[in-house]
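Chemist: got a predicted model here, sequence first, then my questions.
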Amino acid sequence: MARKILCVAEKPAIARAVATHLSGGSFHTREIRGNKYVKNYEFDFNFGGAWGNCSVTMTSVVGHLTGLDFDPQYKGWQSCPPGALFEAPVQETVDKDKLPIANNIRDQAKYSKALFIWTDCDREGEHIGSEVRNQAKAGNARIEVKRAKFSNTESAHVRRAALEPVNLDEYQASAVAARIELDLRIGAAFTRLQTLQLQTVVAALKEKVISYGSCQFPTLGFVVDRYLRVKNFKPETFWGIKVILSREGKKVNFLWKRVHLFDRAVVTMMLERCLVAKQAKVIKVNQKPTSKWRPLPLTTVDLQMMGSRFLRLDSQTIMKVAEALYTKGFISYPRTETDQFDKAIDLKKLVEKQYPDDSWGQYARELIDGKFRTPRSGRHNDKAHPPIHPVSWVSPNQLNANEKKVYEFVVRRFLACCSDDAKGQSTEIEIQYGDESFHTNGLIVLEKNYLDVYVYDKWESSQQLPNFERGELFEPTEANIFEGKTTAPNYLTEPELIGLMDANGIGTDATMAEHIAKIKEREYVAIHQRGGGRSSVQEFIPTRLGVALVEGYDNVVEGLPNSVSLSKPFLRKEMELRMLEICSGTKSRQEVVQQSLDMYREVFIHTQRRINMLKTACRKYLVEETES
DNA sequence: GCAAGGTC
């Protein structure tokens, strides 16, 4: 009998795709008991080398198999002081609803010579791989464990991954194990502490869970930070000089190089010197071709940011819709950090699939007829998924309103990536007037290219400038002082918030929308509408509770050396750096867990000692509400 | 009744 090899992917869709490629399309599908998503695909494949021809069972898990929790006697909120959760024993168990999947792996492992792990090639994937291995070993202690390394499900790439397996990266799996333990202990300890302590302070908090998490709190922190900047803003008056010239029936506005200053007397004096000089001299006439770059291939973060800006959908809705489109086979996997297309992907074939569309089919045809350009490459590659792109065409009447919006965006973005940059001609003119410099710019758009399909970007010709010659002298038609006031920043919008989270390493592409939803659910922040109609914008404003928590924690650590407020992203960032050290092998999992726990325990102890700071802040912001 | 991370 041929040797048997068990293959396990991270999700059913990948199992199916890999089975299709390795089997050349002919495989047997078997249902497993107790889970309707996971299937076993059976076929033969020649792994070459020592393995040779094997009979394969390809199956999958559905994300993580196991979860970490405290031993049962610590689960009640009154069972121990919250601080005890830093040391309380924890156990890893297979999630109840994942038991059929775990059993399937054990059973299949019994008859298998080897296990090939096909989870995503990222950190979490490595950990999921280790969970799969543990189950397989439980079924068959002698099973040999290998790992397939692949970054997309293109056929040749998948086959090569099967022929050249590597080993599981234990370091990366350990890093994730450390993350899981830290998130649990720290999250539960602080959540119980602040919930139990604050519930009794004001009636408004009586029934509330006041959760703490290493991602949700910094997310709240960003919202509060901006809110305070808006609230504490004091407008300042400034003055500047503007110079106008009417020529050839056109009015040219020259802008001051200093933009504006906050001292009226000084600006007046500078203007006087200009007027005394009478004539301005053209010192630079610069005409040059310019272009507006086509967008980069689409990542999840970009989809969420552009989506809430142009499609008027919040990030969680966008992800739900994108997942539905993915499940139905219309777009590629929507959770990716990659903004570069692999050379192996046949992009032209994907463009051709859009021919039938009434809105952009013609554009797709023009691309194939000669306008196609290889997409730009960004700097990110998660080595697990390609950028988000359409995989097949779907008629708009098969989609609901939101699906239509998101699908259209993904397609237009993809076609834009495969287009040429927009081309134009820019003119820059600089003049010297008295002791001051002024400048003006003109733009003529010559070829719109990608802008024809990517309707979300705007780039338009300015009024055409009259002719100027270098060295010429002219007397301005007008030169005078203008006055203005600095204006407050706006409250945070969702794309800005996602940008901040991304830049500070808060959450992952798959979870950012969840953290935002979480702080809404906990009533730490609320959404307000600014403006009306099509130009309206959704803004995040902290609730009284949200402000109270941030102010309270800021006060808790105020004046203490080495203690950073929990509302800031620094602690999480430090944890992330330590995880990278586990990945590079310079620190062990135990070391990192201990170090990070020590760091958070210090803040925890301060918080307990100065709990009145938190209580006072809650009274300050929440008491009026309860009296009404 | 707590977290964040996978995925359905």
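Modeler: Sure thing, it's come through.

Chemist: and the stretch 451-600 of chain A, which of its residues are near DNA strand B?
Modeler: Neighbours of DNA strand B within the stretch 451-600 of chain A, by CB under 7 Å from any atom of the strand: A:507-508, A:510-511, A:515, A:518. Yep, even glycine has a C-beta here, placed from its N, CA and C like the rest.

Chemist: I'd like these as JSON lines, with pLDDT, distance to A:T607 and secondary structure appended.
Modeler: Compiled in JSON lines, these are given as follows (pLDDT from 0 to 100; distance: CB to CB, whole Å; DSSP: H, G, I helix; E, B strand; the rest coil):
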{"residue": "A:G507", "pLDDT": "93", "distance to A:T607": "23", "secondary structure": "coil"}
{"residue": "A:T508", "pLDDT": "90", "distance to A:T607": "27", "secondary structure": "coil"}
{"residue": "A:A510", "pLDDT": "86", "distance to A:T607": "30", "secondary structure": "coil"}
{"residue": "A:T511", "pLDDT": "93", "distance to A:T607": "25", "secondary structure": "coil"}
{"residue": "A:H515", "pLDDT": "96", "distance to A:T607": "21", "secondary structure": "helix"}
{"residue": "A:K518", "pLDDT": "96", "distance to A:T607": "21", "secondary structure": "helix"}
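
Chemist: just the buried ones from the residues you listed?
Modeler: A:507-508, A:515, A:518 (16 or more other CB atoms under 10 Å).

Chemist: tell me the one of the residues you listed nearest A:V94?
Modeler: Within these, the smallest distance to A:V94 is 23.2 Å, found for A:T508 (CB to CB).

Chemist: ok, now how distant is that closest one from A:G67?
Modeler: A:T508 is 18 Å from A:G67, where distance means CB to CB, to the nearest Å.

Chemist: re earlier: which one of the residues of the stretch 451-600 of chain A next to DNA strand B is nearest A:Q108?
Modeler: Lowest distance from A:Q108 to those (CB to CB) belongs to A:A510, with 27.9 Å.

Chemist: quick one, what contacts that closest one?
Modeler: A:300, A:319, A:335 (CB atoms under 8 Å, 6 or more residues apart in numbering).

Chemist: wait, isn't the first one in contact with A:H385?
Modeler: What it means is A:T300. No - A:T300 is beyond contact range of A:H385, at 9.1 Å (criterion: CB atoms under 8 Å).

Chemist: what is in contact with those two at once?
Modeler: Counting by CB under 8 Å, 6+ apart, the residues touching both A:T300 and A:H385 are A:335-337.

Chemist: I'd like those residues as TSV, with pLDDT, neighbour count and distance to DNA strand B appended.
Modeler: TSV is the format used below for those (pLDDT from 0 to 100; neighbours: other CB atoms under 10 Å; distance: CB to the nearest atom of the strand, whole Å):
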residue	pLDDT	neighbour count	distance to DNA strand B
A:R335	90	20	5
A:T336	91	25	10
A:E337	90	21	9
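
Chemist: turn these into TSV, columns for distance to A:C274.
Modeler: Compiled in TSV, those are given as follows (distance: CB to CB, whole Å):
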residue	distance to A:C274
A:R335	57
A:T336	55
A:E337	52
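
Chemist: burial count for A:W360?
Modeler: 20 (other CB atoms under 10 Å).

Chemist: ok, it touching A:R413?
Modeler: No - between A:W360 and A:R413 there is no contact under CB under 8 Å: 11.2 Å.

Chemist: grab the nearest non-local neighbour of A:Y74.
Modeler: Spatially, and ignoring its direct neighbours in sequence, A:Y74 is nearest to A:A88 (4.6 Å; CB to CB, 6 or more residues apart in numbering).

Chemist: that's a helix at the one you found, yeah?
Modeler: No - A:A88 is assigned coil when assessed by DSSP: H, G, I helix; E, B strand; the rest coil, not a helix.

Chemist: local confidence estimate at it?
Modeler: If you check A:A88, the pLDDT there is 96.

Chemist: what lies in contact with stretch A:363-372?
Modeler: A:347-348, A:351-352, A:354-355, A:357, A:415, A:418-420, A:449, A:452-453.

Chemist: give the contact list for A:G240.
Modeler: A:G240 touches A:256, A:258-261, A:267, A:481-482, A:484, counting by CB under 8 Å, 6+ apart.

Chemist: how many neighbours does the closest residue to it other than its chain neighbours have?
Modeler: Nearest residue to A:G240 in three dimensions, chain neighbours excluded: A:H260, at 3.8 Å (CB to CB, 6+ apart). Here the number of neighbours of A:H260 (other CB under 10 Å) works out to 15.

Chemist: can you tell me how far A:H260 sits from A:G370?
Modeler: 49 Å.

Chemist: secondary structure element holding the closest residue to DNA strand B within the stretch 51-200 of chain A?
Modeler: When distances are taken as CB to the nearest atom of the strand, the stretch 51-200 of chain A reaches nearest to DNA strand B at A:G187, 2.1 Å away. Using DSSP states H and E, A:G187 falls within helix A:170-199.

Chemist: quick one: that helix to chain centroid distance?
Modeler: Centroid displacement of helix A:170-199 relative to its chain, using CA atoms, centre = their mean, to the nearest Å, is 22 Å.

Chemist: which other helices and strands does it contact?
Modeler: Applying 3 or more CB pairs under 8 Å, 6 or more residues apart in numbering; DSSP states H and E, one finds that helix A:170-199 contacts strand A:66-70, strand A:90-94, helix A:123-139, helix A:570-584, helix A:589-609, helix A:611-627.

Chemist: where does the closest residue to A:K137 other than its chain neighbours fall, phi/psi-wise?
Modeler: What sits nearest to A:K137 in space, not counting adjacent residues and going by CB to CB, 6+ apart, is A:I143, at 6.4 Å. The phi/psi pair for A:I143 (degrees, to the nearest 10) reads phi -70, psi 140.

Chemist: got the contact list for the closest residue in space to A:F570 that isn't next to it in sequence?
Modeler: Excluding its sequence neighbours, the residue lying closest to A:F570 (CB to CB, 6+ apart) is A:V564, at 4.8 Å. Applying CB under 8 Å, 6+ apart, we find A:V564 in contact with A:557, A:570-571, A:603.

Chemist: which one among these gets closest to A:I244?
Modeler: Looking across those and measuring by CB to CB, the closest to A:I244 is A:F570, at 49.5 Å.

Chemist: how close does that closest one sit to DNA strand B?
Modeler: Separation of A:F570 from DNA strand B (CB to the nearest atom of the strand, to the nearest Å): 15 Å.

Chemist: rounded mean pLDDT for stretch A:295-304, please.
Modeler: Mean predicted lDDT for stretch A:295-304 stands at 95.

Chemist: what about it, how long is it end to end?
Modeler: 15 Å (CA to CA, to the nearest Å).

Chemist: and for stretch A:523-541?
Modeler: 11 Å.

Chemist: may I ask which helix or strand encompasses the residue of chain A most remote from its centre?
Modeler: Most distant from the centre of chain A: A:V276, at 55.5 Å, with distances by CA atoms, centre = their mean. Assigned by DSSP H and E, A:V276 belongs to helix A:264-277.

Chemist: pLDDT below threshold where in the stretch 501-628 of chain A?
Modeler: A:624-628 (pLDDT under 70).

Chemist: repeat that for 80
Modeler: Low-confidence segments of the stretch 501-628 of chain A, defined by pLDDT under 80: A:533-535, A:559-564, A:624-628.
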